[in-house]
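K.L.:
my questions are about this predicted structure, shown below with the sequence.
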Amino acid sequence: MTALPPSAFAVALSLLPGSTHRRLRALLGGRSPAPDPAEVWRATCERRLLDVRPELVDALGRDARAMTKRWSECAKSIDPHQTWAELQRDAVGVWLFGDDDFPAALTDDPDPPALLFWKGDPSALHRPAAAIVGTRRCTSYGVDVAREFGADLAAAGVAVVSGLALGIDGAAHEGALVGATGGGAPPVAVVGSGLDVVYPTRHRRLWKRVGEAGLLLSEAPPGAIPEAWRFPRRNRILAALSGVVVVVESHERGGSLSTVRAAVERGIPVMAVPGSVRSPSSAGTNRLLVDGVAPATDVTDVLVALALEGVQVSAAQASPRTAAPDSSDLGPVESDLLAAIDWAPTATEAILRRTGLSIVEASSGLVRLEVRGLVRKQGGWWERVGSSRFARERDYTPPA
Amino acid sequence: MIATIPTATLTGVDGRPVTVEVHVSNGLPGFSIVGLPDASCRESRDRVRSALLSSGQGWPMKRVTVNLAPTSLRKGGSGLDLPIAVGLLVANGDLDAEHVEGMAFLGELGLDGSLRRVAGMVPMVEAIAAPIVVVPATSAEEAGLVGRHEVRSTSSLSSLLGALRGSGPWDAAVTTPSSVASVTADPDLADVRGQRLGRWALEIAAAGNHHLLFVGPPGSGKTMLARRLPGLLPDLDRDEALAATRVHSAAGQPLPPGGLIRRPPFRAPHHNASSVSLLGGGTSAMRPGEISLAHNGVLFIDELGEMAASTLDGLRQPLEEGLIRVARARATVAFPARFLLVAAMNPCPCGDGGPPGTCRCSEPARQRYGRRLSGPLLDRFDLRLTVDRPDVADLLGGQPGESSEVVAQRVLGARARATARGVRANADLPGPGLEATVRLQAAAARVLEYKLRVGSLSARGLHRVQRVARTIADLADAPDVTEDHVCAALELRIGLEALEGVA
């Protein structure tokens, strides 16, 4: 049997039940020189961990004895050779805390991970990085902004760090993938589950594309299911890797606020994208702005926060602050309709009430506006479209 | 001695002719009924005996055998009480056979000899070949709806015997209403404030028989709107009325005064209704379900998203074929079920989801909710629209909209145009040759082409939008379908992603 590298045993230790990153750090660190993971693993299997290292009784907490007993039993079903072979097969790398290649941004972290699983291109971490996070229950405004920021930041050479969640996270990465083509920075995803457990499943394709174009990172060992407690911990890594955290949309008590807390604790600047004061999806971000967080109204604001204001976003991709499509040559009906539609989703009923048009007139006018790319229908709701760059992916010009 | 009396029994909503044969012979006194009677039919022995004794008739101290022919057919219900009693009297020599010549009997007996109404009078009378049908007084009107027979009635066995022997009168031809159905007028559309889109969708649904789905938060008036749909529908013609009445009669439902259901029925089963109660069936007797009671009328399902998925999918076949075949071990019956489906649902489980991004549900909860409604079922709704809570100004000061009467007139006109095309309503327009019937203008076709190309319209949805656009044009009395009509039809068909909770 070939000799295994030390990290193979660290991986095996991380598969034990209840081996959180703090306990793992205690097992694998705590004295100088750092103990050999292979030795720790052997001691665990032979149930003499606390005999060899009595100082762990404090580090592991009250039920250290019961836990190490349980570990020694569970260790029987874990084969370090096999798990290591599987990681090799899936092209997943492992960074141990204290190794030379461990991400520098996390080495000085107050609460660093004990080990990190990675897949893809590690050079993505050598770029300046910005986290784009937000709610899963977002509006199409949020999706647009997140895509735009993702694309423009990536094009400007900033690695977009996000969590691959539904909503804002996914939109940011979609944009980042667009920006990464043609010399932009590759995207970085920090996920809460094991790298072989795709969550959410709806993002399977996006997950794969990010893994191919950039870097996937996780603290969770392979096979770890996306348990709720993993996500706030994931968020601290996400924040620590970034030079700035941009919150695009967040509800009053959204999960992205835990990323904000982690960033504030680490002294990383936080920015928020302003939203309508009536939109529940912007309640959290608007509250952040009230609390004194800097607003991010376009990508330049973010670049300034990263001290990259000199970097030119390529002209084709730069989105001016107000990129409303041209609406100067509209007929009277269309102008009335456009004026009656908010930038937030508006019910058809409300449009009818505001314009006083008949349903037949209004609906054909709305379709004409839709064809022009000025408005968009989502479910039964209409809203205006800001920048049309990502608004419609399948463009079609009807024959005149 | 032997006597044979024609009568009928009910299978599903169809009557089947039955002959009651009574044989009275010497031997150990006894009374037996053979020929696949069900429990209520077997009990008829005790009712008949008491009724005869209460009516001053003797009980033969002889061996009495009753056979219900054809013997292979299961017979149910208490409607065979009366023919058994009459047959017994004839066989025992208490009544001359010529007095009952050419007569069929149907009715339940009380212990005091009174005659009572039984369910399914209309289809049972339809199945009877004899020229004269004798029924309880309370069922005379219902029996007379068929119109093929001379209907005679009395209210008790003793007066019946008197009438048969010629010593007493039959009841007057027209009797009191068989039951006191609540005679409430359909609620009026003028009560609805605001909701222009919702009102208009109702009008189109009524004119073209397009199935309609309202999606909206609680309190947005979905139910209020849906209840106003029957008031917009035209009266049933005689065939439709008889078909609806037959189902209601078979189910033992109260009938309106006059017996015939002339207005489209409105059925609103609760969303926890079982498959059997909705679709029909049952163990002892095959009873029509709610969808059959809504035949030629409106079936309204509130809280569509709360209904069991399997129950909902049971609606697909009847929606397509206009009838439902219920197969059980004992029998297979087809119930008519051609109804206009109106459904209402919340956009997501929390019900709060107004505009995208506002709902509080977790992602899995929303996916579960969306999964309950299968795509094929949602696809059957030609009209799908979101309704939002009405505007305060509309609620307090708004002008009342048009009344149901005004709208119903337009609906009638649109239906007449559909009839001229050879269909009952535009929803029935056949797929082949649809373009020729719909008569799209070039600009209208371009809009559809655009929608197809950007992927917001499916091939299946295309036909449905065209039919709805045709109805809209009919309501506007327009010969061709214009761009405006198509756009309006698209406006009334929200994408399915709104129901999958993708915000």
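P.N.:
Yep, it's here. Bear in mind the structure is a predicted one, so any value in this text is a computation, not a measurement. Residues are numbered from 1 along each chain as shown, chains lettered A, B, ... in the order given.
K.L.:
C-alpha from now on. contacts and neighbour counts both.
P.N.:
Noted.
K.L.:
tally of neighbours for B:T419?
P.N.:
13 (other CA atoms under 10 Å in any protein chain shown).
K.L.:
do the same with A:R62
P.N.:
10.
K.L.:
and A:S77, by the same measure?
P.N.:
Neighbours of A:S77 (other CA under 10 Å): 9.
K.L.:
where does it land on pLDDT?
P.N.:
According to the prediction, A:S77 has pLDDT 89.
K.L.:
which strand or helix spans it?
P.N.:
Per DSSP states H and E: A:S77 is located in neither a helix nor a strand.
K.L.:
for A:S242, see how far away it is.
P.N.:
38 Å (CA to CA, to the nearest Å).
K.L.:
what's the answer for B:T358, then?
P.N.:
For B:T358, the distance to A:S242 - CA to CA - is 29 Å.
K.L.:
pLDDT weak spots in chain A?
P.N.:
Along chain A, the parts satisfying pLDDT under 70 run over A:1-2, A:30-32, A:310-327, A:386-400.
K.L.:
count the neighbours of the residue in it that chain B sits nearest to for me.
P.N.:
Residue nearest to chain B within chain A: A:G379 (4.4 Å; CA to the nearest CA). Neighbourhood size, A:G379 [other CA under 10 Å]: 26.
K.L.:
quick one: which of B:T358 and A:S242 has more around it?
P.N.:
Neighbours were counted for B:T358 and for A:S242 using other CA under 10 Å; A:S242 has more, 26 against 17.
K.L.:
ok, the more buried one touching A:H126?
P.N.:
No: using CA atoms under 8 Å, A:S242 is not in contact with A:H126, being 11.0 Å away.
K.L.:
ok, A:W95 - contacts?
P.N.:
A:S7, A:D101, A:F102, A:L115, A:L116, A:F117, A:W118 (CA atoms under 8 Å, 6 or more residues apart in numbering or on different chains).
K.L.:
then A:L13?
P.N.:
A:S19, A:L24, A:W41.
K.L.:
give me the subset of these touching chain B.
P.N.:
Among the contacts of A:L13, proximity to chain B is found for none (CA under 8 Å from any CA of the partner chain).
K.L.:
make CSV out of those residues and add neighbour count.
P.N.:
Output for the contacts of A:L13, formatted as CSV (neighbours: other CA atoms under 10 Å in any protein chain shown):
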residue, neighbour count
A:S19, 16
A:L24, 22
A:W41, 24
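K.L.:
in helices, which of those fall?
P.N.:
A:L24, A:W41 (DSSP state H).
K.L.:
just to revisit the earlier point, ok, and the most crowded of the contacts of A:W95?
P.N.:
A:L115 (25 neighbours).
K.L.:
wait, that residue sits on A:E219?
P.N.:
Yes: using CA under 8 Å, A:L115 is in contact with A:E219, at 6.4 Å.
K.L.:
and B:R460, how close does it get to B:R380?
P.N.:
Distance from B:R460 to B:R380, by CA to CA: 10 Å.
K.L.:
ugh, wrong one, I meant B:G258
P.N.:
In terms of CA to CA, B:G258 sits 36 Å off from B:R380.
K.L.:
how about the contacts made by A:A224?
P.N.:
A:S193, A:G194, A:V197.
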